[in-house]
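> my questions are about this predicted structure, shown below with the sequence.
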Amino acid sequence: MHFENDPPPGLTLASELRDGALVVHVRGELDFTAAPLLRAGLAPVWESPAGTPFVLDLGEVTFCDSVGLSELIATLRRSQSTGRTFLVSGVHGGVLRVLTITGLNNVFDLNDTVEDALLRARPLVAPEEPLASPVSAVVPQDIPADAPLSASSPTVAPVLEVRHDAPPVDPAAPVS
């Protein structure tokens, strides 16, 4: 029996690129029959450039069983192994209850809305600010230039120290 106010059974996904992040909107029930659909629907995420954060919007997910939860965990693991930032938005009702009971509400980066998640992702995609002072390199003077450097040698390779307050280094100047 299907009532007019009930969402249609099944799962639908829609993806969009917003503010430098890929947003995947999920609607319906995330259960054992829909888990493969979620996995297939996340293909654009794994095909996007590696630095692109993504938001999984669960605001219209009405149910999540253990298989659906396993698929969310698999998505988290895959995003971590590929170095992708993964944020979740819109978790509520039964889905929030399942995440809270299992303690996974502390594992996923949960955000109230897609906009909140995009704000959190923005520093990850925004260009870096220039440093307030110029950066210069200081080469240590206590290691001879002809010191042997090999994996079996006890000699440690010289470390290049980067400081913001040091005078600029002239690359043409000889190292003593």
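Thanks, I have the structure now.
> kindly export stretch 57-67 (C-alpha atoms) in CSV.
The C-alpha trace of stretch 57-67 is given here as CSV (Å, rounded to 0.1, in the frame of the first residue of the first chain):
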residue,chain,number,x,y,z
ASP,A,57,23.4,14.9,1.2
LEU,A,58,21.2,12.5,3.2
GLY,A,59,18.5,15.1,3.9
GLU,A,60,15.9,13.1,2.0
VAL,A,61,17.0,9.6,3.2
THR,A,62,14.1,8.1,5.2
PHE,A,63,15.6,4.8,6.2
CYS,A,64,19.0,3.1,6.6
ASP,A,65,19.6,-0.5,7.5
SER,A,66,22.8,-2.3,8.4
VAL,A,67,23.7,-2.8,4.7
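> any idea which helix or strand carries Leu118?
Leu118 belongs to helix 114-125 when assigned by DSSP states H and E.
> what mean pLDDT does that helix get?
Computed over helix 114-125, the mean pLDDT rounds to 84.
> which neighbouring elements make contact with it?
Counting contacts by 3 or more CB pairs under 8 Å, 6 or more residues apart in numbering; DSSP states H and E, helix 114-125 packs against strand 21-30, strand 54-64, strand 86-89. C-beta here means a position set from N, CA and C on the backbone, and glycine is covered the same way.
> check which residues of that helix are buried.
114, 117-118, 120-121 (16 or more other CB atoms under 10 Å).
> can I get those in JSON lines including distance to Phe54?
As requested, the buried residues of helix 114-125 are arranged in JSON lines below (distance: CB to CB, whole Å):
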{"residue": "Val114", "distance to Phe54": "11"}
{"residue": "Ala117", "distance to Phe54": "9"}
{"residue": "Leu118", "distance to Phe54": "11"}
{"residue": "Arg120", "distance to Phe54": "12"}
{"residue": "Ala121", "distance to Phe54": "8"}
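> closest one to Pro49 out of those, please.
Here the nearest of the buried residues of helix 114-125 to Pro49, counting by CB to CB, is Ala121; it sits at 13.9 Å.
> quick one: the strands in this protein?
All strands of the chain, identified by DSSP state E, fall at 11-18, 21-30, 54-64, 86-89, 110-111, 136-138, 161-163.
> now those in JSON lines, with mean pLDDT, mean neighbour count and distance to Arg78?
Putting the strands of the chain into JSON lines (pLDDT from 0 to 100; neighbours: other CB atoms under 10 Å; distance: least, CB to CB, whole Å) gives the following:
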{"stretch": "strand 11-18", "mean pLDDT": "94", "mean neighbour count": "15", "distance to Arg78": "16"}
{"stretch": "strand 21-30", "mean pLDDT": "96", "mean neighbour count": "21", "distance to Arg78": "13"}
{"stretch": "strand 54-64", "mean pLDDT": "96", "mean neighbour count": "22", "distance to Arg78": "11"}
{"stretch": "strand 86-89", "mean pLDDT": "97", "mean neighbour count": "23", "distance to Arg78": "9"}
{"stretch": "strand 110-111", "mean pLDDT": "97", "mean neighbour count": "19", "distance to Arg78": "18"}
{"stretch": "strand 136-138", "mean pLDDT": "35", "mean neighbour count": "13", "distance to Arg78": "38"}
{"stretch": "strand 161-163", "mean pLDDT": "36", "mean neighbour count": "11", "distance to Arg78": "34"}
